[in-house]
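**Student:** sequence first, then the predicted structure:
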Amino acid sequence: MWTRLLDRMASRLIRKGQLTITYPDADCRRYGPGGPEAALHIRTPRALRALCLNPDLALGEGYMDGTIEIGGNAELEALLALVLLNRRPGAMPAYIRALDRMRYHARAWVQRNTAASAKANVAHHYDISDDLYRLMLDADMQYSCAYFAHPDMTLDQAQEAKKHHIARKLMLEPGMSVLDIGCGWGGMALTLARSYGARVTGVTLSENQLATAQKRAAGAGLTDRMTFRLIDYRALQGQYDRIVSVGMLEHVGLPHFAGYFSKIGSLLHPDGIALIHTIGRVSPPMSHSPWIHKYIFPGGYVPSLSELMPAMESSGLWQTDIEVWRLHYARTLRAWRDRFDANLDTVRDWYDDRFIRMWRYYLTACIMAFEQQEQCVYHLQLAHKRDAVPLTRDYLYRSPIAPRLAAE
């Protein structure tokens, strides 16, 4: 029964390229007219059944568990790229489309991130091990999209460029107060304090990140300019000259966008500037990946701009600039995956093969999202006043991206 069902599904889905499926009974079948090729081997009847009932979730789970064999990075990329190439309305059976619609309409309920659940969601991903992230990330531990201002940049150079590009958008002056919402391991805050003379307050819900950020600030001798707090952004009070938030909006959740931008407005000084760096979609909203939600980012969501605009409009803030980064994150993710793979012997000392396959699937699926789907990074520059920043972007490019203030 399940073989027949998957056979019909694959025959209907693959209209470009060619997919080879080896079934649990060793039957090998090919689908599609030819072109880009991909293959998978379904090892167990249970994995076959799961693929028929919930393919998005089952493919990732089967790869993790070894019940679906795909191969290495190249083979996994080829499979995901082929599936996305053939993804179109009506390609999947009616019951799978209904499941997807149900997930779509359940977004507001699934993403009700209370203060308690938000902290638990953050811990699920960010508190697993700083050592793992040190192996994978750049020297400053920037866990967000790098900015490849020049094609020959290394990952470390592109992450530095990202921080200084953001700093320019904030138009920082020495002594300004800056709030960093979702400060990670403190790299952005350290750069703004050390290179621009800002007084930075960083907030996070990750205990690991908090401890590392505090240790780094002390090691840099910048504790007089930097404060890190374990606190939900919704509990913050006061006002700041500048607000920056890099890679945190994806964790806010659909029901909380209005509250998030309203909070930005209340925390931002009347003459202030805010810069929100977030993954987004350039197409209409869609349901979140059930595999990503279950294993990687519970409570997370990549919004379309159409979902953010009503919240920004109701906040009373001006959208002084919206910049769209294309393919920068794909290149960033490829660098992370290369570093992860280069350190596999060390990773195996810490984690089992299932975790390694999970992490590789996560990085590869995200690469494909930026290379094959409508995913990008948005820079949302916001202010209370329409003339808080210059009327053109010339101020960002008058000289090479570099600190405006020499380290003291």
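**Tutor:** Now that the structure is in, tell me what you want to look at. Numbers count the residues shown, from 1 in each chain.
**Student:** what residue ranges in the stretch 51-200 of the chain score low on pLDDT?
**Tutor:** Scanning the stretch 51-200 of the chain for pLDDT under 70 picks out nothing.
**Student:** ok, now with 90
**Tutor:** 71-72, 87-93, 103-119, 121, 123-124, 126-129 (pLDDT under 90).
**Student:** so which residues of it form helices?
**Tutor:** Under the criterion DSSP state H, counting those that start in this stretch, the stretch 51-200 of the chain contains helices at 55-65, 73-85, 94-105, 107-110, 115-126, 130-136, 155-170, 187-196.
**Student:** show me what secondary structure element comes after the host helix or strand of Thr320.
**Tutor:** Assigned by DSSP states H and E, Thr320 belongs to strand 318-325. Toward the C-terminus, strand 318-325 is succeeded by helix 328-342 as the next helix or strand (DSSP H and E).
**Student:** would you tell me which strand is longest in the protein?
**Tutor:** Ranked by residue count and defined by DSSP state E, the top strand of the chain is strand 268-281.
**Student:** what helices and strands are in contact with the strand holding Thr320?
**Tutor:** strand 375-383 (3 or more CB pairs under 8 Å, 6 or more residues apart in numbering; DSSP states H and E). Yep, even glycine has a C-beta here, placed from its N, CA and C like the rest.
**Student:** now do the strand it packs on: everything it contacts.
**Tutor:** Residues outside strand 375-383 that contact it (CB atoms under 8 Å, 6 or more residues apart in numbering) are 145, 166, 169, 261, 264, 268, 272-282, 302, 305, 308, 312, 315, 317-326, 328-329, 369-370, 389.
**Student:** so how far is the following helix or strand past the longest strand of the chain off the chain centroid?
**Tutor:** Per DSSP H and E, the first helix or strand lying C-terminal to strand 268-281 is helix 290-295. How far helix 290-295 lies from its chain's middle: 13 Å, per CA atoms, centre = their mean, to the nearest Å.
**Student:** beta-bridge partners for the residue nearest the centre of the chain, please?
**Tutor:** Central residue of the chain (CA atoms, centre = their mean): Ile279, 5.8 Å from the mean position. Note on Ile279: beta-bridge partners by DSSP bridges are Val377.
**Student:** relative to Arg49, how far out is it?
**Tutor:** In this structure, Ile279 and Arg49 are 33 Å apart, going by CB to CB, to the nearest Å.
**Student:** try Pro255
**Tutor:** Distance, Pro255 to Arg49, using CB to CB: 34 Å.
**Student:** out of the helices of the stretch 51-200 of the chain, which is the most enclosed?
**Tutor:** helix 187-196 (a mean of 25; mean count of other CB atoms under 10 Å).
**Student:** can you list the helices and strands that that helix packs against?
**Tutor:** helix 155-170, strand 177-181, strand 199-204, helix 207-219, strand 226-230, strand 240-246.
**Student:** want to throw those into CSV with distance to Asp138?
**Tutor:** Output for those, formatted as CSV (distance: least, CB to CB, whole Å):
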stretch, distance to Asp138
helix 155-170, 4
strand 177-181, 18
strand 199-204, 18
helix 207-219, 14
strand 226-230, 20
strand 240-246, 14
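**Student:** before we move on, the earlier item: what's the angle between the strand holding Thr320 and strand 375-383?
**Tutor:** 160 degrees (axes from the mean of the first three to the mean of the last three CA atoms, to 10 degrees).
**Student:** tell me which of the helices and strands packed on helix 187-196 sits nearest to Gly66.
**Tutor:** Proximity to Gly66, assessed across the helices and strands packed on helix 187-196 by CB to CB, is greatest for helix 207-219 (29.3 Å).
**Student:** elements contacting the longest helix seen in the chain?
**Tutor:** Longest helix in the chain, counting residues (DSSP state H): helix 353-372. Contacting helix 353-372 under the criterion 3+ CB pairs under 8 Å, 6+ apart are the following elements: helix 55-65, helix 73-85, helix 290-295, helix 328-342, helix 344-350.
**Student:** sweet, I'm off.
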